[in-house]
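Engineer: here is my input; please provide its structure:
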Amino acid sequence: MEEKTGYRAGIYVRLSREDQGRHDWQAESNSIRSQRELCGGFVREQGDMEVYDTYVDEGFSGADFDRPEFRRMMADIWAGKVNCVVVKDLSRLGRDYIEAGRLIQRIFPALCVRFIAVTDRFDSLTADYRETSLVVPVKNFVNDAYCLDISQKVRSQQRIRRERGEFIGAFPVYGYRRDPSQRGRLTPEPYGAMVVRDIFAWRREGMSALGIARRLDLRGILCPLEYRRCRGENFATGFAVHPFSRWSGAAVGRILSDETYTGTLVQGKSCKLSHRTKIRRMRPREEWVRAEHTHEAIVSPEEFRSVQELGRCRARPGGDCGIDLFAGLLYCRDCGGTMVRRSCRREGAERVSYICGTANRGGGCGRHTIRREELERQVEESLKLRERKEEGEKSEGEGLGGCEREPGAVLGRYGSRGGRILGEDRTALLEAELERVRREAARYPFLRSCVREDVKGGALSGEEGEALEEIYRERQQGLEEAIRRQEQALIKERTVPAEVCESRLNRARLGAVERIWVCEGGRIQVELSGQKNGEGCEACGGSKGGWPRKAVRQENGEDEENGGK
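Structural biologist: Just a heads-up that it's a prediction; the model follows:
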């Protein structure tokens, strides 16, 4: 008896996200169940056709042919397992008229694959030249135009939501979560917000991004990726390179440069080149959509601006993975040039001083040398003098006569001290995070035992089991190390007083300082933010003196280059 030959049909079914959200007759017609029943019934009615497999892509746009089940179907076609493709209509195969036409008119015929679109009544086996060369291209073009129209409507709707200040991203930035009571609104997540405040405070004190990352790792604080994993979020990133991620200088830098932490939502930084591709390009800064006061701020705008100004300082590290305390602030009083840092080591001790940059390059200006200790002393005196003036003015305005003082006033002026946050129970937040990490670490011994059972049962090969078990072991070790460090940090948190007012000079206290002018003879003048032309400069070690010679000579019309010599 001769064996009967026929077509091994692959039924392809696709449903996009736009179709999933609709509730009309057309959405029901395009549902997965409806497409499967329609194509399956058609195949059963044919005497020379049988179903080899059904390929279902749910939630994928027709403009992109990079779909998992479509790729699997094409692999079966190239392997000779499928020689007939059945779809509900041409739009289910795809809405890109160029790629869809290439498949129907070139690839399928070259592979001897029969293509059938049931509701469009197209069958490549019986279709004539008019249907193949005219009807099908026109229908594919209409499908592509529909996809373009949907893309434009989605973009316009997203633009409106961005301008209204609604968050439309997939995941909020570290330190925030979605507000469950209001759609599109962000609300601070207590533990993450505490870490973000610490990061900004340490940066304002002069630490570098790499130094902050190392301190966070030493304290056992999970990086954003591991923190999201512990909270059960299905979050993926292209920055991770190891099974257990740690903090990096780049991750800290992204937090320090994100304006979202000031309560301003910035969206629309990038866009797709076309609805047919996933390639994105960055938009110019003036095209970004900014919405202010959309959510509660974690850091103040003043703190954020001071951190950005600090990041623009071109300075060498000043020890402990930090930048120099006076980076970007020191200027020569005579020539107006920047001061440069000089250090030397004698008898095991480092001595730091600053000299005029013009003199250092051999220019016609004095050295204006001043030692770091003397500079710190004079700046500290100037800031204390300013604080006493402000407190005296406030006391006179409120009629207190300087006898009363608001609790935590000094702490409030300069932000958090040592990363501490007033009004929040840091200990409770640290304890809750520690308990969460312990629960996460307790899962991995069970997961490793499951892998061993799967290897014994044949569900996994020996190599796959060893790879998975190694990943789980490394993640468990990383979490156990984080638990140990967090326990140490919690003990330190309980033993250190809740409010510590630092007396030492740091970048946080220098936040209101615009420039520090260094005069000949070791005298300085402190210029505060908002002052112009030397008005109100706080002088220490001598008289205020005049403005830089270079600037004065320029006002008198003298040559700029000769004026600096």
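
Engineer: quick one: residue 199 and residue 212 touch, right?
Structural biologist: Yes - at 5.7 Å, residue 199 counts as touching residue 212 under the criterion of Cβ atoms under 8 Å. Where you see a C-beta, it was placed from the backbone N, CA and C, and this is true even at glycine.

Engineer: hey, what's in contact with both of the two?
Structural biologist: residue 252 (Cβ atoms under 8 Å, 6 or more residues apart in numbering).

Engineer: how many neighbours does residue 245 have?
Structural biologist: For residue 245, the neighbour count with other Cβ atoms under 10 Å is 20.

Engineer: got it, and residue 303?
Structural biologist: Residue 303 has 23 neighbouring residues, counting by other Cβ under 10 Å.

Engineer: enumerate the positions of the helix or strand hosting it that are buried.
Structural biologist: Assessed by DSSP states H and E, residue 303 sits inside helix 301-311. Within helix 301-311, the residues scored as buried using 16 or more other Cβ atoms under 10 Å are 303-304, 306-307, 310.

Engineer: can you show me the CA trace of it as CSV?
Structural biologist: Listed next in CSV are the C-alpha coordinates belonging to helix 301-311 (Å, rounded to 0.1, in the frame of the first residue of the first chain):
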residue,chain,number,x,y,z
PRO,A,301,16.9,71.2,44.9
GLU,A,302,19.7,73.1,46.6
GLU,A,303,21.4,69.8,47.6
PHE,A,304,21.0,68.5,44.1
ARG,A,305,22.5,71.6,42.5
SER,A,306,25.5,71.6,44.9
VAL,A,307,26.2,68.0,44.0
GLN,A,308,26.1,68.8,40.3
GLU,A,309,28.4,71.7,40.7
LEU,A,310,30.7,69.5,42.7
GLY,A,311,30.7,66.9,39.9
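
Engineer: and the helix or strand encompassing residue 358, what does it pack onto?
Structural biologist: Using DSSP H and E, residue 358 falls within helix 357-360. Judged by 3 or more Cβ pairs under 8 Å, 6 or more residues apart in numbering; DSSP states H and E, helix 357-360 is in contact with strand 339-346.

Engineer: centroid residue for this structure?
Structural biologist: residue 254 (5.5 Å; Cα atoms, centre = their mean).

Engineer: can you tell me how far it is from residue 261?
Structural biologist: According to Cβ to Cβ, to the nearest Å, residue 254 and residue 261 sit 11 Å apart.

Engineer: strands of the stretch 351-500 of the chain, start to end?
Structural biologist: 370-371 (DSSP state E, counting those that start in this stretch).

Engineer: what packs against the longest helix along the chain?
Structural biologist: Longest helix in the chain, counting residues (DSSP state H): helix 462-495. Applying 3+ Cβ pairs under 8 Å, 6+ apart, one finds that helix 462-495 contacts helix 426-457.

Engineer: sorry, back to before: quick one: work out the angle between the helix or strand the residue nearest to the centre of the chain falls within and helix 301-311.
Structural biologist: Taking DSSP H and E as the definition, residue 254 sits inside helix 249-256. Relative orientation of helix 249-256 and helix 301-311, computed by axes from the mean of the first three to the mean of the last three Cα atoms, to 10 degrees: 140 degrees.

Engineer: report the buried residues of helix 249-256.
Structural biologist: For helix 249-256, a neighbour-count test (16+ other Cβ under 10 Å) marks 251-253, 255-256 as buried.

Engineer: so residue 300 makes contact with residue 262?
Structural biologist: Yes - because the distance of 7.1 Å satisfies Cβ under 8 Å, residue 300 is recorded as touching residue 262.

Engineer: neighbour-wise, which of those two wins?
Structural biologist: Between residue 300 and residue 262, counting by other Cβ under 10 Å, residue 262 is the more crowded of the two (20 against 14).

Engineer: ok, that one touching residue 304?
Structural biologist: Yes - Residue 262 is within contact range of residue 304, at 4.9 Å (criterion: Cβ under 8 Å).

Engineer: what's around residue 137, how many residues?
Structural biologist: Other residues lying near residue 137 total 16 when counted by other Cβ under 10 Å.

Engineer: which element is it on?
Structural biologist: Residue 137 is part of helix 136-163 when elements are defined by DSSP H and E.

Engineer: where in the protein is pLDDT low?
Structural biologist: 1-5, 18-30, 232, 234-244, 275-276, 311-323, 393-424, 495-509, 511, 529-565 (pLDDT under 70).

Engineer: now residue 194: how far from residue 487?
Structural biologist: For residue 194, the distance to residue 487 - Cβ to Cβ - is 17 Å.

Engineer: then residue 211?
Structural biologist: 23 Å.

Engineer: try residue 465
Structural biologist: Distance of residue 465 to residue 487, given as Cβ to Cβ: 33 Å.

Engineer: what's the closest of the buried residues of helix 301-311 to residue 136?
Structural biologist: residue 304 (56.8 Å; Cβ to Cβ).

Engineer: surely the closest one meets residue 260?
Structural biologist: No - contact criterion Cβ under 8 Å: residue 304 and residue 260 do not qualify, at 10.1 Å.

Engineer: what's around the closest residue to residue 489 other than its chain neighbours, how many residues?
Structural biologist: Nearest residue to residue 489, sequence neighbours excluded (Cβ to Cβ, 6 or more residues apart in numbering): residue 219, at 4.6 Å. Other residues within reach of residue 219 by the criterion other Cβ under 10 Å amount to 20.

Engineer: residue 219 touches residue 485, doesn't it?
Structural biologist: Yes - contact criterion Cβ under 8 Å: residue 219 and residue 485 qualify, at 5.7 Å.

Engineer: residue contacts, the residue lying closest to residue 61 once chain neighbours are set aside?
Structural biologist: Distances taken as Cβ to Cβ, 6+ apart put residue 16 closest to residue 61, at 5.2 Å, once the chain neighbours are dropped. Counting by Cβ under 8 Å, 6+ apart, residue 16 makes contact with 59-62.

Engineer: appreciated, that's everything.
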